[in-house]
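[1] here are the coordinates; sequence isn't available:
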C-alpha cells in the first residue's frame, strides 16, 4: 500500500510540474533528481514515469532519457477542433433546452473569479477551464462531461503555454462577449464569440510553439 502511495505521490508531483510548466515541453527529467527531491527510492519514480508515459505526457527513449512531451501545431489544431465540436453542440443544446440564462449567470460568476485571479496564472487557467466546463455541467450529460474531461487537462497545459500579460484582458473580454450573448438569448452571436475565442487562442498557441521550436 505504501509503495502505491509513494508512486502516486511521485506521479502527482511530476504531472503537476508538467502542467505548471515547471517542466516545460521538451525538457529532460532525471530519475535520480526526482527521487532525491521526493525523498524516495527510484522505484516509485520509475512507476510514475511509466504511468505518465502511457498517458502521453512524457517519452522514454532507448537510453532511458525522460523527456516531457512537446506539442506540434497539428496537435494543437486537433485539440481545438475537438473543443469546438463539443462546445458548439453544447451551446445548441443549451439554447434548445432554454438554459441560456442559467448558463450565463454561472459564467458571470466564474468570470468574476477569473478577474480576481489575474495575479496567479495557475488559478486563472483553472478558472478558465471551469468557465468552459459550465456548458457541460448545466446540461447534466455525463457522456459529454467525460468527453470534455478528456481534453481538459491538456487544455490546462496548453493554456499555461498560451498565456502572457496581454492575454489576460483579452481572454476576459472574449469570455465576456460569450456571456453577454447568452444572457441576451443571441445564439448566433454566442457561437460566433465562442468560435472567435477558440480560434484566437489556437493561433496564439501555434505561434508560441513555433517560436519555442524554431
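    That came through fine. Keep in mind that this is a model prediction, so the values were computed, not measured.
[2] biggest helix in this protein by residues?
    Among the elements of type helix in the chain, defined by DSSP state H, the one spanning the most residues is helix 187-213.
[3] which strands and helices sit next to that one?
    Helix 187-213 is packed against helix 73-96, helix 142-162, helix 165-183, with contacts defined by 3 or more C-beta pairs under 8 Å, 6 or more residues apart in numbering; DSSP states H and E. C-beta here means a position set from N, CA and C on the backbone, and glycine is covered the same way.
[4] contacts for the last one?
    If you take C-beta atoms under 8 Å, 6 or more residues apart in numbering as the criterion, helix 165-183 is touched by 94, 100-101, 103-105, 107-108, 111, 114-115, 118, 124, 128, 131, 187, 189-190, 192-194, 196-197, 200-201, 204.
[5] which of the residues you listed are buried?
    When these are checked for burial by 16 or more other C-beta atoms under 10 Å, the buried set is 94, 100, 103-104, 107, 111, 114, 124, 128, 131, 187, 190, 193-194, 197, 201, 204.
[6] circling back to that earlier point, ok and the longest helix of the chain relative to helix 142-162, angle-wise?
    Helix 187-213 and helix 142-162 are oriented at 50 degrees to each other (axes from the mean of the first three to the mean of the last three C-alpha atoms, to 10 degrees).
[7] so residue 52 sits against residue 12, correct?
    No - at 10.5 Å, residue 52 does not count as touching residue 12 under the criterion of C-beta atoms under 8 Å.
[8] ok, those two, which is more surrounded?
    Comparing residue 52 with residue 12 by other C-beta atoms under 10 Å, the one with more neighbours is residue 52, at 22 against 11.
[9] what pLDDT does the more buried one get?
    With respect to pLDDT, residue 52 scores 94.
[10] show me what the helix or strand hosting it is in contact with.
    Under the assignment given by DSSP states H and E, the secondary-structure element containing residue 52 is helix 42-54. The list of residues contacting helix 42-54 from outside it, by C-beta under 8 Å, 6+ apart, reads 3, 6-11, 13-15, 18, 29, 31-32, 34-35, 38, 58-60, 66.
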